[in-house]
Every structure is written in structure tokens, then in C-alpha cells.
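*Asks:* Sequence first, predicted model second:
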Amino acid sequence: MKRRREFNLFLILMLVLALAILAGCGGGGATTTTAAPGTETTAAGNESTASTGAPSGGDIPIGILTSYTGEMGAFGVPWFNAAKMAADEVNAAGGVLGKQIKLYTEDDRSSVEEGIKGARKLIGANGVVAIHGPISDILLAIWPIAKENKVMATSPAAGTTKLDETGGDYEFRTVPSDSFDGKVAALVLWENGYKEIGMIYENDEGRQSISAAVRKEFEALGGKIVVDVPFTPRQPTYSAELKKVASANPQAVWLGSGQESGAVLLKDAKQRGYNWKWMVSSDLAVPEMFDLVGKDTLEGVLTEMPSAETSTPEFQAWAKRFQELFNAEPTGGFQSNSYDAIIVMALAMEKGGAATGEAINQNYRDVSNPPGEKVFTFKDGVAALKAGKDIDYEGVSGPLDFDAHGNVTGSYVSMIGKDGKWTQLKFYPASTWEQ
Amino acid sequence: MGNLNLGLFISGIVTIIAIYGILALSLNLKFGVAGLIDLGVVGYFAVGAYAFVLTTAPPPSELSHYSIGLGMPLWVGFIAAPVAAGLFSFLVGLPALRLSGEYLAIATYAAAEVLRAVFTNEDWLTNGVVGFNNLRQPFRGAFASGDVYQYFFMALSLAVLFILFLILSRLHWGPFGRALRAIRENEQVALSVGKNVTKLRIKAFVLGGAVSGFAAALYVSFATLIVPTMFVSEVTWTVWIALVIGGTGNYVGALVGTAVLVTAQELTRFFQASADLASVLAASRLIAMGLILIVIIRFRPRGILPERHYVDTKAVPVAESTAQAVSPKRVVE
Amino acid sequence: MGEGVPRVQYLQYVVFGLVTGTILLLGTVGFSMIRRVDNFLNIAHGQMVALGAYLGYLFYAMIGLPLVVASVLAIASTAVLGWASHRIVFNPIRGHGPLYLLFTSVGLAYVIHGSLEAIFGTRPKAFILPEPRFFSIAGEPLVSTVEIFIIVVAIVSAVALHLFLTRTRAGMAVRAMSSEYDLARVRGINTSRVAALVWILASGLAGLAGILMGIQGTVYTDMGWAIILVILSAAVLGGLGSIYGVMVGAMLIGLSMDLSVIWLPPAYRSAVAFMVIMLVLVVRPQGIFGGVSRG
Amino acid sequence: MLEVKGVTKYFGGLCAVHDCTLSVEADSITGLIGPNGAGKTTLFNVIAGVYPPNQGEVWFRGEKISDAAPWAIAGKGVARTFQTPHGFPQMTIMENLMVSPLRQKGEGVFRGLLRGARVRAEEKAHRRKALELLDTIGMVDRRNELVVNLSAGEARMVELVRQLMLDPQILLLDEPAAGINPALCGKLLDLLRRLRHEGLTLLVIDHNLSFIMELCDTIYVLSHGEVTPAAVSADPKVIEAYLGRAA
């Protein structure tokens, strides 16, 4: 009977799956050396470092799991590039413990499910010691898997407040929590003389937690939120939402959104002749925004972002290197955060004397927190470590001092749009937030 | 130097195949068997997932926005998920099943989209975009090693899939499945043989919804978190594409389609070459998925495993079989 | 600004609704013409909107042609690509039935979406236009030049389409075929030529809608999926196949989305479109203006 | 047994059936003839509940059925065949027959799943009956063929026996002889007569005069939406006169 044939087919299917798994387990311990040709990390070249083959003997595999497509698709390449720049510098300085860092990358398509699959692939098939790059939801989803496999999970941009009190074990992030971001935004607005502001923000996890922090902090400073409008991303127009803001007549408006919706909204506002003072969230503090909405629209717009003091020679040197490599502005878009995460990992492995996730997990605070000799590059860090000194890595995204839960208390800069560029207005050292 | 653990990778894929396989089974019941074009697959899935989370999540703390969290054992969640998904199917189906064809498709699509807006915006119910994380996993405590647990969870998912497959197959070849297929084949004739078409459709719809509730419970347990962005219409399209590739009307086909689609997608991970091309290659995966669908429909519209037909092979009583002598020659039209 | 006269404020929401509605109208008319002539829901039609927007961006911002020239080129290329999709992808499987056509269109939508991402990248794009002026009533900025431009272009296109359909032989053939496919064939209308014409028209209009969306907001890779949902709503509201019905349907959807903000949280703006269609489907499945029987 | 009282049915502005009244006696074979487009099939559809009448009522065994759903009318014992016998095309002949019986217990989700003794017994009985019926049309050995692959004549025979699976009290036949070759036609006549003797009432539409006259006890003529007010005896001359006048 046909039914029986169906059943048999089902059994065959199950059998094939089972065999595949067995094969997988069998291959688990084996060390294969089939690196994809032409994808080796080279220190000098501009060649890509992404590869998906199995790790070759002397490499340290690190996974970059980030969004090349989907809602956050615009961030993937810059984050990867920054991480690659860090890896290249590490390798050029002789690598970690004599081994070269090799990057493997997966697209998480801005989706939790794809993130989980990508992380399992990176850990399972590439044997990575760390996974770097995902946004909040995805970081939360892959963290248990990473921890289980003693793989470090890090993010340059996951600001979720959910990790404020829970992270730290096989999880760290080089971006301060959203609660800080909100604090800074409120402070910058207040210091620029605005007492009554409106808030308009995308209804997603990140922006919601930032907006909550803005509200709390701004009211604590004595200011008033006159209107509060969450909106759905990716609408063709936001005229109606803006009208809502306009009817409350705020002195300034804080906008929390991604690039697409933010651009539509700013353009709409401009078209309607709403000449509010804008303060936009750090997602929009990227040079591309000027291409999107025109430099006139962003003239005088305020923003803030986690960053080291941009005027220091160390930062300038880094920015120059970045500019040469990618022909792009290094500021904004969490590229410096992505760069720092890889450097901290490398230093932590160097310090721990082992190229493992465990070593990173145990040492990342040691190498980046005071006390210790302040170092600004991997090369200097390794030299100091070899000299037996304790080090305190000062990153390009801030001083990178991690608390027990893997959070940084970042330093920030406030910026203003001027002649088609974001220009630093004021530096807020990490000490601003103590207490 | 990290250790390879291909089992982790593969068990993840198999678990995803099992979960999507359950959704494909559910859709095959609704579309493949009963002929109902349901583009709201993700809606019932989302309802099941939230029902699972809300029944099992701990009561809300001061910091969270949601107001329900029953903190019940996980098995309650595994019952609540299909029940809630079935109930929601009923609520959607009652008005929507009066419509047919593409109107049903649009109505179900709309229902799923409205539902997502509700899940995104109603903080008190779902904790909004923040969602829930750190969810408990079934029987996690019984395993010291997470590595072993991965296999257990995979086996659990496959077991649920297998049981649902047996149930749906058994129904398929019995009077219930026969009546549904009859309705799909010809509604007017089905009415003329006294089938209460609406009632049978609602039964199929609700049963299909309940089946997807099991997938939902497994899905959130697998992900250990829930946020509204997990329930976008892409889930619906993925399940549909899997079913069309595998073969509509054939439960094994639905599973084969799911396995082929997910495996193909995962294999493309190994074709990645360079970083600058990473985003291009990521985009080309979308192109590949679209092309597979177009090509399959063009050259094998009934899918890899087309629908099978019931074959009556039991012996015919002797008295009847003698009658074949007088059977007429085949009449040519 | 200030506390404006409430009536003026309402008027402003009406203006927003008109802009949303007219853009939607251009997208929906083509969708429903294809629905009538080839009898299936073309999910890829939303991607034609995105395609038009990206091609417009390509010619205007990347190559640097004047906006009008760039738009005409973009519309023409979208029309040709739409026609090509009809010839290459859909026509060979006409016999498979509407459902297979629908899923093929989903496949095509993925192909176009992926191609746009591969070629243009995932960063959003935008048309930078000269600073618009706006006209005020009672101190309230009521409508900007860009908005007037969009509304005028859309209305002119709709009227041109109307004249084409009622005054020209080819247009009347299209109408005949949209209302009675078999009858049209019996009466000696070259159905395949008319179908090609419909695809060219529909895709061109979608391209125009995409350019207008780009002018008003940004161009991003997911816009095809976002717009097709609203197109579906508008089409159902107007009664899937009726060309004039969907025009009204599109305007109503646009208005209800933007006016809903007065009473509902703005986050529900897009959900309003779906609530409207669910209501319509339950109460009057053939759409408000459609004479088509359900199913 | 079946009473059609003053039924009128419009489609848009077109009147398909106008003030039609007829009655079918129990255990009789009643014929309904008329030219194409006379509204015969529409009248059938009104009786079967596919369309509600604009005016008038249909009564069956003292019960008004013109406001019931088609499936409910079938459930009361009124079965009908279709002019175009598509049946369930992608199902086998056997399944086409097995699907028919009314109120199958196995159609419930739980009973269908558990398939207890009663469901099994029911299935067994239905199968037996299906085989018997297939035997009468000589298609037992072809029971596993898909209906879509049958010739028009075969499909019509399957259509007939499929509806007999319902155990109806009255069977409405819509052009049962169309597309059936003469040899099979004789068989069909025998079968219909036998069914009548077994207690089944038949109402037959056809425009094949000789077939109707050979079969029917009573004949109605339907022309341009109107039925002749009284039953006409099966006298060829009368019929011809009527048709001549109507045409």
C-alpha cells in the first residue's frame, strides 16, 4: 500500500538526518586543514579575511556574525571592516601567541533565527573562539549557546538594558548600555539649553530602552517631555506623526531611529517647514546621513555617540589608518566599537596564554581595566604584557573599562552637523557618569 | 584554537527542519489537503509562541511591562500553545473561511500582520518589543552538558514532528482526510454529498493551527527568547516555499521540501568567499531561494513528491469480481 | 506653529492621506489590471515599485541626469522589465492556475529583492531635491511643493490612464479583456498583445509610484514587501479587479491610515490598512465598489 | 414527495426560472425536458439549495427545504447529479464513492484518528456497498483510477453511483445520458428502472426525447423559464406538439 511507502520514505529521511549527525559528531574532533584558497588573512593587503573553510593549524578562528541583509543590513560591512582592520593589525604585529587571527563571517539577516543558525555554524563548523557582531536580540539568543561551548560572544552595538545586570560571563560589549546613551542625550539637550522637548522614536527594543532613559534623565534634570511619539519603522511618510509632535510645540525634538526611517522623518519635517532643533540618536551619527537627507537638513542637528576623545593623537592616527583602508569616515556607526572588541579579545588571549574563549572570558577585564599601563594599540599592549606589566587598553571607542557584567562605562562625544560633516562639540569622559 | 563541533551545527539545522517541518505539516493539512490558501501561517505560530511564554514565564517584575506571567510548568505551556493557536485559528477562520481562494489568502495575511502590530505595541500583554529572554528549556535540568542537551532537544523536536506526522497521516487516509480532499477537489459536489463544507474547513483550519502551536512551543524553547520580530511574514513564505518545493498534498513531501530548503540555505554558508562580497552573497541567497521556487513551479509544479492517491488493494469479494466479464469496453468520448 | 485651529489640523492629515493615497493609487491600479488580465495576485508588483525607485535613484543621483529624464528612463526600464517578467516568468506557466502564478510571483519578488540588495547594497538611498516651499493656512504649514508635485503627478497619470482606457482602441481592448477575458478573445482581440500592454502599463505605473516614494522618503531594499501589503489592502477594498474601484480604494486606505493617527497610536498606522481589509472582507467581500463575486 | 411551488429565480436582471410549479410523486420517474437555456439546471440548483429562490418554495416530504443549505438538503435524502460530471477529479473512483455516504462517524477529528470499531465497521460497509455499485456499472477493476482520467460517459456513470452511495430517497439526474454510448445507455436505463423498483424516486432532466420518454412516467416541459402547468402523460405526440410550439 502507498501508505507504507510513505512511511518508509519518512524513515529514510530520518535515517539520512541521523547519519548526517553521526558524521558530524565523528568529524567533531578531527582537525581538517582545508582552508579556502585565497582567503587567508594577510596583514598588509586589503584582501578579505572572511572564509568559511575549517581552521588551519596555526590560526585563531573568530566569527563575525552580523547583519548584511535585513533591517540592520547597512551595518554589517562597516562592522566587519572595522573588525578586520583590528585583526589585520594584530596579525601584522605578529599575531596572538604567534598565531594569526582568522575571521569567519556569517550573515544573521537581522533575525534571531538566522543568528542562532549562524552562531551554531561558526562554533560547530569553524570552531571559533569568539563570536562578534550581533545586535541585542541576536546576542541574547546566541549567548547561551556560546557560553555552553566556551565561546565569547561580543557586540559593538548591543545596547539592551537586559544585559546590564546579567551579562559578563562569556558576553561583553564594547558599547555602553542604552541607559547611558539616553543619559547622554538628555544631558546634551539640557546643556544646550532646551527645557521642553518632544520625543519621537522607532518602536523597537533598542530605541525604546534609550527613549526610556532619555525621559527619565531629562526629567531628573528638571526638563519636561511635552510629547512622546513612538512610530513604526519603514513607512513611506511620517507626516502624521510629525504633526503630532508639532502640535505640542517643543523647543527641541529627540529622534531615535535607524537610517531609513530617520531619513524619511527628517526629510518630511524639512518639507513641512518644521525647523525644530533636532537631536538624533547615535544610529544616525554616520556620514551617510548627509547623502541621505542633504547637508542642509542636518545643519545644526545634534547627536552623541560613544567615543574616545577624537582630538587625541591616538584617535587621529587610528582615524587616518581607517580612512586609508576603507576610504570612509571612521566616526559613527559603531565602527570603533567593533574594532576595539577584537583588540580586547586578542590582548585577553595573549594575557591568558591560550587562544581560547576561556582565556578571553577570564582576561578581558584585566587587559582593559585599570590599574595598569595605558596602551592604545595591540602592539604596545603585547609589548607591555611581555614585559610582565599589567595593562589598561584604552580604545578608540572609549576607555573600555568593563564592569562585572561586561558593560563599559563609556566616554561620549556630542556632535553637531556642520557643512556636511559631524563635528565634535564636547567630550564627556567616562568619569561624567560616576554616581 | 577552538574545537570543531559539527554536531552543534547539524543538530541546530535538524531542529530547525523539525520545527519548520511541523509548520509545513500544518500548512499541508490546510492547503495541500483542504485547499485553503492560508497566508497567515506566522500568525497562529506567534499566538502559540506567546501562549507558551506567558503561561510559563515568571510573574512580571517591577521593571517589565507585561502583566501576565503564570510561571507554570513547561508541559502546561506545551498544551497552552496548541490550544491558543487553535483558538486563534478558530477566531480567524470563522469569518475568513466564508471567503474562498485569494480573498481567504489576503484575509489571513492581514490577520497575521495586525496580530504582529498588536504584539509589538501592546506592552502589557507581550512586553512589547523587549519581549522575554532567558526562557526555560524543557528537561534542561536533566542534562549536565549543554552539548548532550542539544541532541536531546533535537530528538524531542523530531519526536513531536513524528507524532504529529503519524496523526495527520492517519487522518489523511481516513474518512476525515477523504472528506477534506473531496472539498478541495470540488466544493459543489462535496455539498451535494451532504458534507458540511464550512464545518469541515474550520476543523481543518483549527487542527492546522493547533499543530503549528507545537512548533511554536519548540521554537521559543530553542531560541530561549521571544520578540515580535521573530514573527514576520518571511516565516509564512518560507513554509509555503518548502511545501511547494516538497509537494502539496503529500505530508512526506512537505517534510522533504522543508529539509531541502533549510539544508540548501545552510549549505550556502559554505560558499561565502570574501567580506566585500559577503553582503552580495547574502543577497544572492534570496535570489537563489526565489529561483528555486520559480524553477520548481515551472518544471515540477507538483513538487518533489507529488500527492499520492489512495489505492484499494484489499481483496474484492468473489461475487463481485465475477462481474467484470460484463464490464463495458472503455467508452471513448 | 502653535496651537493651530483644529480644523486646519484635520485638513493637514487629509493632505498626508492624499499623498499616501495617490502614490498608493499608482501602485494599485497596475496590480489590479494584472489581476484582471492574468487572474492572479502578483506579489512581485511591490518589487516593481522598489525597482522603479532604485532605477530612478540610479539615473538621477548616481548618473546625474535631470529628474524628469531620470524618471522617464526609470519608468521605461521598469515597464520593460515588467513586460519581460510577464514573457519569461509568468506566461509559460499560465496553465498552472492562479495559485502557482502567485507563488511564482513570490519567487520573482525574492529574486528582484535580492538583486537590488546585491547591486545597490543595503544602505538606504535618497533623492536630494531642492528645498521645498510650503503653503500655510492660519499659520499652519498645510502642503509643500513636493506634496503638491506628487499629488499632481499622480492625478495626471490617473487621468491619462483613464483617457487611454476610454478613448483609444488599445485602451478599450484592455478594458474589454479586464472585464471578460474569454469574450475578448472571442471578439478577436489579440489577448497576448493586450496582456503585454497591460504589463507594460502596470509596471510603468509601479515605477512611477516608486520614484514618488523615493522623492518623498527614502529608497530601501525592503520597500517592495512593505508596499505590496498596502497595495493588497487597497485592491481588496476597491474590489480586486475594478480599475476605478481600486483608485478609490487606494485613496481611502491612504486617508484612513493617515487620519487614524488622530485617534490611534501612530504605531498602528500600517495595521489600520489591514484592519480595514479584514472588515471589508467580512462585511462585503467583493469590495466596496467591486461587482466581482467572491472566489 | 417533492413539491416545487411557484419558484422564480433571477440572475441579475435575467429570469432563469419563472413561477415554476411541479410535483414529483413517490416511486415515480419524472422527466423534465426543454431546450437548452430553458432553466432546467437552474431549477435543479434551486431544489438542491445551491441558489435560494427569489420567490416560491420547495417542499420535500412535508418539509420546506428551500431555505436549507445544499449539504443539509442532501442529508435529508435529496441527491443530485451534475450536468458536467467532474466529481472529485484527483481522487480515485473508489474514494469518490467512499466519500459520499452521509454522516460518516470517521469525519470527526478524534473518531477519524482513533478509528474505533464503529468507524471500521462503517468503512467496511461503505466499501462493500461501493464495490456492489461499481459492479453494476462494471468498473470494479478500475476502482483505483483517478476520476479525472475517465471518459465523459464513464464519469457520468461514476457520478450516478457516487450519488447512490448517499442512499437517497429522491435522485435528481441532470442529463444522465449525455455522452454515453448507446450500449451503455441501455445499461443505464436498466439500472434506473431497477432503482425505481427498489423504491427510489427519480427526477430526470434531459433533452434527449427518446431517452426521457422511454424512462419516465410523467413529463414536464420547461421552456423559457416557465414550466407547463400540468403534468403531461408520456405521449410522444403531445410532447412533440409542446416542443414544436415552444421552439
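*Replies:* Ah, there it is.
*Asks:* When you work out contacts or count neighbours from here on, use the C-alpha atoms and nothing else.
*Replies:* Noted.
*Asks:* Can you get me a residue count around residue 153?
*Replies:* Just so you know, I chose chain A. A count of nearby residues for A:A153, using other CA atoms under 10 Å in any protein chain shown, gives 31.
*Asks:* Oops, wrong one, chain C.
*Replies:* Under the neighbour criterion other CA under 10 Å, C:V153 is assigned a count of 18.
*Asks:* wait, what's in contact with C:V230?
*Replies:* C:L24, C:I253, C:S270, C:A273, C:F274 (CA atoms under 8 Å, 6 or more residues apart in numbering or on different chains).
*Asks:* let me redo that: A:P429
*Replies:* Counting by CA under 8 Å, 6+ apart, A:P429 has contacts A:A308, A:E309, A:G410, A:S411, A:Y412.
*Asks:* Is the first one in a helix, a strand, or coil?
*Replies:* Reducing the assignment to helix, strand or coil with DSSP: H, G, I helix; E, B strand; the rest coil, the entry for A:A308 is coil.
*Asks:* my guess is it contacts A:S414, does it?
*Replies:* No: with contact defined as CA atoms under 8 Å, A:A308 does not reach A:S414; the gap is 11.2 Å.
*Asks:* And the lowest mean pLDDT element among the helices and strands of chain A?
*Replies:* Least confident helix or strand of chain A, by mean pLDDT, DSSP states H and E, is helix A:2-28 with a mean of 52.
*Asks:* Quick check: next helix or strand after that one?
*Replies:* Counting by DSSP states H and E, the next helix or strand C-terminal to helix A:2-28 is strand A:59-66.
*Asks:* Quick one: which of the contacts of A:P429 is the most crowded by neighbours?
*Replies:* That'd be A:G410 among these, by other CA under 10 Å, with 28 neighbours.
*Asks:* Right, and chain D sits closest to which residue of the stretch 51-200 of chain A?
*Replies:* A:E113 (33.1 Å; CA to the nearest CA).
*Asks:* Could you say which helix or strand holds that residue?
*Replies:* helix A:112-126.
*Asks:* what mean pLDDT would you report for that helix?
*Replies:* What helix A:112-126 shows for mean pLDDT is 93.
*Asks:* which helix is the longest one in chain D?
*Replies:* For chain D, the helix reaching the highest residue count under DSSP state H is reported as helix D:117-136.
*Asks:* Which residues does that one contact?
*Replies:* Contact partners of helix D:117-136, identified using CA under 8 Å, 6+ apart, comprise B:316, B:320-321, B:323-324, D:94, D:97-98, D:101, D:104-106, D:111-112, D:140, D:143, D:158, D:161, D:165, D:191.
*Asks:* could you redo the last one with a cut-off of 6 Å?
*Replies:* Contacting residues not belonging to helix D:117-136 are listed as D:G106, D:V140 [CA atoms under 6 Å, 6 or more residues apart in numbering or on different chains].
*Asks:* Quick one: distance of that helix to the chain centre.
*Replies:* Put simply, helix D:117-136 sits 22 Å off its chain's centre (CA atoms, centre = their mean, to the nearest Å).
*Asks:* and the following helix or strand past that helix with helix D:117-136, angle?
*Replies:* Using DSSP H and E, the helix or strand that follows helix D:117-136 in sequence is helix D:152-164. If you take axes from the mean of the first three to the mean of the last three CA atoms, to 10 degrees, helix D:152-164 sits at 140 degrees to helix D:117-136.
*Asks:* tell me the mean pLDDT for helix D:152-164?
*Replies:* The average pLDDT within helix D:152-164 is 92.
*Asks:* So which bits of it are buried?
*Replies:* By neighbour count on 16 or more other CA atoms under 10 Å in any protein chain shown, the buried set for helix D:152-164 is D:152-164.
*Asks:* got TSV for those, with distance to A:A83 too?
*Replies:* Converted to TSV, the buried residues of helix D:152-164 look like this (distance: CA to CA, whole Å):
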residue	distance to A:A83
D:A152	71
D:G153	75
D:E154	73
D:A155	70
D:R156	73
D:M157	75
D:V158	72
D:E159	71
D:L160	75
D:V161	75
D:R162	71
D:Q163	73
D:L164	76
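*Asks:* Export the residues you listed as JSON lines, with columns for distance to chain B.
*Replies:* Shown next, in JSON lines, are the buried residues of helix D:152-164 (distance: CA to the nearest CA, whole Å):
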{"residue": "D:A152", "distance to chain B": "6"}
{"residue": "D:G153", "distance to chain B": "6"}
{"residue": "D:E154", "distance to chain B": "7"}
{"residue": "D:A155", "distance to chain B": "10"}
{"residue": "D:R156", "distance to chain B": "11"}
{"residue": "D:M157", "distance to chain B": "11"}
{"residue": "D:V158", "distance to chain B": "13"}
{"residue": "D:E159", "distance to chain B": "10"}
{"residue": "D:L160", "distance to chain B": "12"}
{"residue": "D:V161", "distance to chain B": "12"}
{"residue": "D:R162", "distance to chain B": "9"}
{"residue": "D:Q163", "distance to chain B": "7"}
{"residue": "D:L164", "distance to chain B": "10"}
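*Asks:* All set, thanks.
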